[in-house]
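1. give the three-dimensional model of this entry:
(2 chains, ligands or ions: 4)
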Amino acid sequence: MQSVENRIKEKAAELLTTKKVDLLIGFERGTMPLRASPAFIYDEADIEKLAWNSFCEMNLARYLTRITSKRVGIIAKGCDSRAIAALVVEGQVKREQIMIIGVPCPGMVDRRKIEKEIKGEIDKVEEKKGEIIVKGNNFEKVFKKNNYLYPCCKVCKHGNPSIYDILIGEKVKENSKVDEYAEITEYEKKSPDKRWEFFEKEVSKCIRCYACRQACPMCYCEECFVDSFHPKWVDKSLDFSDIAIWHIMRVYHQTGRCVSCGACERACPMQINLRFLTEKINKDVKVYFNFEAGLDLSVNPPLAAFDIKDREDFIDTC
Amino acid sequence: MKVKEPKIVAFLCNWCSYAGADLAGVSRIQYPPNIRVIRVPCSSRVNPLFILKALQEGVDGVLVAGCHPGDCHYISGNYLARRKFTIFKNLLDYLGIEKDRVHFTWISAAEGARFAEIVKEVTERVKKLGPVKRLVKNRSA
Ligand code: SF4
Ligand code: SF4
Ligand code: SF4
Ligand code: FES
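-> Numbering: from 1, shown residues only, chains lettered A, B, ... in the order given. Ligands and ions are numbered 1, 2, ... in the order given. Modelled structure (predicted):
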């Protein structure tokens, strides 16, 4: 059977030559081993670049709100497709402008975890039947892929694209029983002081580079609140309160929008645990409004909707 | 020992809660002088960022009040606000910010007495917490 990568190339060639799309956004091999980067293919001649492997971790929907091409083809894993759907629902992309080439995703590999276990310099990486084979000057090491997945991929329930025009590859078996919020539920049991301590410890590492925002498909605002000068909400400082406000508001803005792709956390140069923030929001959105972003084009985002019977146990009565 | 009087900011919606406060005033109902009122068009006008900013500037407590469900001047503003604050309030608690720092309630234009009650209650609870610390600017200075 043909590899998924080859079938992606074939489809890309077909779409570009028949002018069904002007641009195809996909993945290509990165300049370093264990890495991929986004590929923007306008020309048939570049199709060979396209890649599909366990390192295609970026959320490509990120680029949709910035492109000017009329018809765009895009390779979409589960989380990319959810972000596309969420962007369509929010009126940021036109569904008919986008040709979604869905690719069921078996989970992406956390390169940092692998790099930690390797001493020398990595020259080459191969993949075979659920194994990642890493080769260097005088070593070769085999890793079981499933043990090295990203935290978000380990508990992912939506590996299959939620919306697509074309599907390439076999659908993956989704683990519908996994409790994706187990970590959050555990964390909630700690005392408020312990939770504050952890928040402080994690967030204090932040250097305010905003890579998390830049990587996130749902952070498409022309002017982010944190950059605003009129009014200036957040000082450009490293005072803890400013950093904390940045983080609280960023994650609050993800209410009903975050698709748990983990792009923000992977982009963070300080390796801050951002999942403990995003997943809290996602959990509450699920618990209170029974909503998950990007699964259904016909449902309004939870903060743009209401139910007269919404819970209000936090309202003071006396 | 003298307890420092807390400062509390109250965001009151123009159509109900602000009028409720006004009624408390003209009816000469006593309530603690700890609150500083900011009038907003509707409870849904309150961006959670306003609340964080207040805490950052050293305000010890925040109260947000709007029309009762069903009574919003803009029909659904308070329903939307209720959803926003459900998420926001839970998030603050999750991070370890004291639950009693930030309060939400509904107060109608006829509820002058209730306005006074709420202000009393909120002031008591904020007083118990002591001065705001966690999100304040220049904590170490
Ligand atoms: S907040 Fe992070 S996990 Fe959520 S959609 Fe944005 S990048 Fe993905
Ligand atoms: S953090 Fe908020 S304001 Fe900034 S880009 Fe993201 S959604 Fe927009
Ligand atoms: S990527 Fe990391 S360091 Fe940069 S702003 Fe986001 S959390 Fe802070
Ligand atoms: S006008 Fe009072 S809550 Fe909307």
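
2. is it true that residue A:209 touches residue A:272?
-> No. If you go by C-beta atoms under 8 Å, residue A:209 and residue A:272 don't touch, sitting 10.8 Å apart. Every residue, glycine included, has its C-beta placed from N, CA and C.

3. for residue B:67, see how far away the residue in chain B positioned nearest to ligand 2 is.
-> For chain B, the nearest residue to ligand 2 under the criterion C-beta to the nearest ligand atom is residue B:49, separated by 9.6 Å. Distance of residue B:49 to residue B:67, given as C-beta to C-beta, to the nearest Å: 22 Å.

4. neighbour count for the two, which is higher?
-> Taking other C-beta atoms under 10 Å in any protein chain shown, residue B:49 and residue B:67 do not tie; residue B:67 has more neighbours (25 against 18).

5. enumerate every residue touching that one.
-> By C-beta atoms under 8 Å, 6 or more residues apart in numbering or on different chains, the contact list for residue B:67 reads B:13, B:15-17, B:43, B:73, B:78, B:106, B:108.

6. just the buried ones from these?
-> B:13, B:15-17, B:43, B:78, B:106, B:108 (16 or more other C-beta atoms under 10 Å in any protein chain shown).

7. of those, list those near ligand 4.
-> Among these, the ones lying near ligand 4 by C-beta under 6 Å from any ligand atom are B:13, B:15-16, B:43, B:78.

8. about what we covered before: when residue A:209 and residue A:272 are compared, which one has more neighbours?
-> residue A:272 (20 against 12).

9. where do the helices sit along chain A?
-> With DSSP state H as the criterion, chain A has helices at A:4-17, A:78-89, A:111-116, A:151-154, A:182-188, A:192-203, A:211-215, A:240-252, A:263-267, A:275-289.

10. re earlier: just the ones of the contacts of residue B:67 in helices?
-> Mapping the contacts of residue B:67 onto helices (DSSP H) picks out B:17, B:78.

11. pretty sure residue A:88 contacts residue A:297?
-> Yes. Counting by C-beta under 8 Å, residue A:88 does reach residue A:297; the two are 6.0 Å apart.

12. count the residues that sit near residue 137.
-> Chain wasn't specified; assuming chain A. Under the neighbour criterion other C-beta under 10 Å, residue A:137 is assigned a count of 8.

13. um, chain B though
-> Residues contacting residue B:137 under the criterion other C-beta under 10 Å number 17.

14. ok, now residue B:71?
-> 15.

15. tell me the SS of it?
-> With DSSP: H, G, I helix; E, B strand; the rest coil as the basis, residue B:71 sits in coil.

16. contacting residues for it?
-> B:16, B:78, B:108.

17. now swap in residue A:97 and tell me
-> Contacts of residue A:97 (C-beta under 8 Å, 6+ apart): A:70-72.

18. same thing with residue A:193?
-> By C-beta under 8 Å, 6+ apart, the residues touching residue A:193 are residue B:96.

19. pLDDT score for it?
-> Residue A:193 carries a pLDDT value of 97.

20. poorly predicted segments of the stretch 1-150 of chain A, please.
-> Residues of the stretch 1-150 of chain A meeting the criterion pLDDT under 70: A:1.

21. which bits of it sit near ligand 1?
-> Neighbours of ligand 1 within the stretch 1-150 of chain A, by C-beta under 6 Å from any ligand atom: residue A:59.

22. strands of the stretch 1-150 of chain A, start to end?
-> A:23-29, A:36-41, A:72-76, A:98-102, A:122-128, A:131-136, A:139-144 (DSSP state E, counting those that start in this stretch).

23. which strands and helices sit next to the second one?
-> Okay, so that is strand A:36-41. Where contact means 3 or more C-beta pairs under 8 Å, 6 or more residues apart in numbering or on different chains; DSSP states H and E, strand A:36-41 is packed against strand A:23-29.

24. ranges for the strands of chain B?
-> Counting by DSSP state E, chain B has strands at residues B:8-13, B:35-40, B:61-66, B:102-106.

25. wondering if the last one reaches chain A at all.
-> Yes. Judged by C-beta under 8 Å from any C-beta of the partner chain, strand B:102-106 comes into contact with chain A at B:103-106.

26. endpoints of stretch B:58-68, how far apart?
-> Chord length of stretch B:58-68, first to last residue, is 29 Å (C-alpha to C-alpha, to the nearest Å).

27. repeat that for stretch A:36-48.
-> Start and end residues of stretch A:36-48 are separated by 14 Å (C-alpha to C-alpha).

28. residue B:57 contacts residue B:138, doesn't it?
-> No. Counting by C-beta under 8 Å, residue B:57 does not reach residue B:138; the two are 10.7 Å apart.

29. those two: which is more packed in?
-> Using other C-beta under 10 Å as the criterion, residue B:57 and residue B:138 rank with residue B:57 on top: 14 against 11.

30. tell me the centre residue of chain B?
-> Centroid-nearest residue in chain B: residue B:63, 0.5 Å away (criterion: C-alpha atoms, centre = their mean).

31. and that residue, bridged to which residues?
-> For residue B:63, the beta-bridge partners under DSSP bridges are residue B:10, residue B:103.

32. residue B:126 versus residue A:111, what's the distance?
-> Separation of residue A:111 from residue B:126 (C-beta to C-beta): 48 Å.

33. which residues touch residue B:99?
-> Residue B:99 makes contact with B:89, B:92-93, according to C-beta under 8 Å, 6+ apart.
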